[in-house]
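>>> Requesting a structural model of the entry that follows:
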Amino acid sequence: MKLGNDLSKGWILIKGAAFLVLGLLAAGMLLRLHPEPRVAALLAIAIWAFCRLYYFCFYVIEKYVDPEFRFSGLGSFVKWMFARSRGR
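Numbers count the residues shown, from 1 in each chain. Okay, the predicted model is just below:
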């Protein structure tokens, strides 16, 4: 089954798996360099906060703030924020 931009579901799943592997490798390397509970806690908080921000940028804004606008990425979210702050 084809999706927008001619991507298949399989490639999207592979991309998601690649993000997971990259994130786990980066977090593991940071914790290997600095194996401290404080570093692990700060890393977990940062990951959680960025995940919540991403959710906010796409789901919350689309569903509750501006249901007519469809975001295509963080760049479109930034453009929407600037346009909104200028009253457009």
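>>> and residue 71, how many neighbours?
When neighbours are counted by other Cβ atoms under 10 Å, residue 71 registers 17. Every residue, glycine included, has its C-beta placed from N, CA and C.
>>> just checking, it touches residue 59?
No: Residue 71 is beyond contact range of residue 59, at 9.6 Å (criterion: Cβ atoms under 8 Å).
>>> Tell me which other helices or strands the biggest helix by length in the chain touches.
Using DSSP state H, we find that the single longest helix of the chain is helix 9-33. Packing partners of helix 9-33 (3 or more Cβ pairs under 8 Å, 6 or more residues apart in numbering; DSSP states H and E): helix 37-55.
>>> Just want the most central residue of this structure.
residue 54 (4.2 Å; Cα atoms, centre = their mean).
>>> Could you tell me the phi and psi values at the residue lying closest to that one once chain neighbours are set aside?
Nearest residue to residue 54, sequence neighbours excluded (Cβ to Cβ, 6 or more residues apart in numbering): residue 74, at 8.0 Å. Main-chain dihedrals, residue 74, degrees, to the nearest 10: phi -60, psi -30.
>>> Could you double-check that residue 74 lies in contact with residue 56?
No: the criterion here is Cβ under 8 Å, and residue 74 misses it with residue 56 at 11.4 Å.
>>> any residues in contact with both of those two?
Counting by Cβ atoms under 8 Å, 6 or more residues apart in numbering, residue 74 and residue 56 have no common neighbour.
>>> All good on my end, thank you.
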